[in-house]
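Chemist: Quick one, fold the following:
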Amino acid sequence: MSTKEIVIISGKGGTGKTSISASLAYLAKDEAIVADCDVDAANMHLLLEADFAHSEEFFSGETALIDEDVCVNCGKCKEVCRFDAINVIDNQHRVDNISCEGCRYCFRVCPTGAIEMKEQKAGDLFISNIKTGSKMVHAKLGFGAENSGKLVAKVKTTAKELAKKENKRYIIVDGSPGIGCPVISSLSGANLVVVVTEATVSGLHDLKRVLKLTDSFSLKSVCIINKYDLNEQISSEIENFLKEKGVEVIAKLPYDETFTKALSNAKVIVEYDKNSKISNILQDVYKNLQKELLK
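Modeler: Residues are numbered from 1 along each chain as shown. Now for the predicted structure:
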């Protein structure tokens, strides 16, 4: 059985992307491996009761380290560092790991060999059992760490391996908001992209940017307009734009405080109130996504 990958993204934060992703994961039950690729601000584990059963450190890039016993404090390393990562503290040259870009310039000019390059920990990767009866792959980027795109790639690779091993039908991916490297990495290998937007001026602006990105990778996209009734004029503009682009609107979700109540109880809407209007719409969305993947 070929595993199909659904990636949910948004052009901006706060559109309800993660809540919708978690709802789809809940509806998929044990048929899907879930991947939270929003490594800069991961929070889907709160909604799916992840147990952090397995964890491993993720290393990416290098940072310089000065051996104080060998260093003669000549200052050459500080002179060549273009990132102001080397400072003199208590009469000793030391490296600020957050500022260091791992360019190796200081390593090359050090006359005594006091500087070595060490692999840098960029974050942590987790594989959790979740309340759907399946598993979730997620991660946390370290404070001040870069290379979030590489950490996302690691999450995606691990999720694919797990889905293949456990013969799952789907991988449901909660991507990062925006259009940067983490999002591009999230989209790699997607069979279907679900773009979540909201009926605001900024929502429409960022929707245009994110669809330009999916177009550049020739990825099939559909759209969910969340809180469409807060500004029906903007919502209409969004629908007209999507019609011109040939992108189907698979759902229009109304504003509903039950959505917020579900979040405050660490539950997804389709779990908290199965008979609410939004729950019924999302159940239809999941069925339609299954049909789209068969086309």
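
Chemist: going forward, measure contacts between C-alpha atoms and count neighbours the same way
Modeler: Fine.

Chemist: Please, where are all the helices along the stretch 1-150 of the chain?
Modeler: Along the stretch 1-150 of the chain, the segments classed as helices by DSSP state H, counting those that start in this stretch run 17-28, 44-48, 76-80, 105-109, 148-165.

Chemist: most packed of those helices?
Modeler: helix 17-28 (a mean of 24; mean count of other Cα atoms under 10 Å).

Chemist: what about that helix, distance to the chain center?
Modeler: 14 Å (Cα atoms, centre = their mean, to the nearest Å).

Chemist: if we can go back for a sec, list just the one of the helices of the stretch 1-150 of the chain that sits closest to residue 192.
Modeler: With respect to residue 192, and counting by Cα to Cα, the nearest of the helices of the stretch 1-150 of the chain is helix 17-28 at 13.3 Å.

Chemist: which intervals of the stretch 151-295 of the chain have sub-threshold pLDDT?
Modeler: Residues of the stretch 151-295 of the chain that meet the criterion pLDDT under 70 are absent altogether.

Chemist: tilt between the lengthiest strand in the chain and helix 148-165?
Modeler: Ranked by residue count, the top strand of the chain under DSSP state E comes out as strand 115-129. Relative orientation of strand 115-129 versus helix 148-165 (axes from the mean of the first three to the mean of the last three Cα atoms, to 10 degrees): 40 degrees.

Chemist: Rounded mean pLDDT for strand 115-129, please.
Modeler: Taken as a whole, strand 115-129 carries a mean pLDDT of 92.

Chemist: hmm, who's touching it?
Modeler: 50-67, 71, 102, 104, 106-107, 135-142, 145-147, 151, 155 (Cα atoms under 8 Å, 6 or more residues apart in numbering).

Chemist: circling back: what's the closest of the helices of the stretch 1-150 of the chain to residue 38?
Modeler: Counting by Cα to Cα, residue 38 lies closest to helix 148-165 out of those; the figure is 7.7 Å.

Chemist: Okay, now the sheet partners of the helix or strand that the closest one is followed by, with direction.
Modeler: Later in the chain than helix 148-165, the nearest helix or strand by DSSP states H and E is strand 170-177. Strand 170-177 has the following strand partners under DSSP bridges: strand 4-10 (parallel), strand 32-36 (parallel).

Chemist: Give me the contact list for the helix or strand following strand 170-177.
Modeler: Proceeding N to C from strand 170-177, the next assigned helix or strand is helix 181-187, under DSSP H and E. If you take Cα under 8 Å, 6+ apart as the criterion, helix 181-187 is touched by 7, 9, 37-38, 148-150, 152-153, 156, 173, 175-177, 193.

Chemist: ok, back up a step: packed most tightly, which of the strands paired with strand 170-177 would that be?
Modeler: For these, the highest mean count by mean count of other Cα under 10 Å goes to strand 32-36, at a mean of 31.

Chemist: So what's the gap between it and the chain middle?
Modeler: 11 Å.

Chemist: now swap in stretch 88-105 and tell me
Modeler: 30 Å.

Chemist: what's the span of it from first residue to last?
Modeler: Stretch 88-105 has an end-to-end distance of 18 Å (Cα to Cα, to the nearest Å).

Chemist: cool, stretch 218-227 as well?
Modeler: Taking Cα to Cα, the first and last residues of stretch 218-227 lie 28 Å apart.

Chemist: Find the residue at the geometric middle of this structure.
Modeler: Centroid-nearest residue in the chain: residue 38, 2.2 Å away (criterion: Cα atoms, centre = their mean).

Chemist: Relative to residue 201, how far out is that one?
Modeler: Taking Cα to Cα, one finds residue 38 at 24 Å from residue 201.

Chemist: For residue 117, see how far away the residue sitting furthest away from the middle of the chain is.
Modeler: Distance from the C-alpha centroid of the chain, by Cα atoms, centre = their mean, peaks at residue 72 (44.3 Å). To residue 117, residue 72 is 18 Å away according to Cα to Cα.
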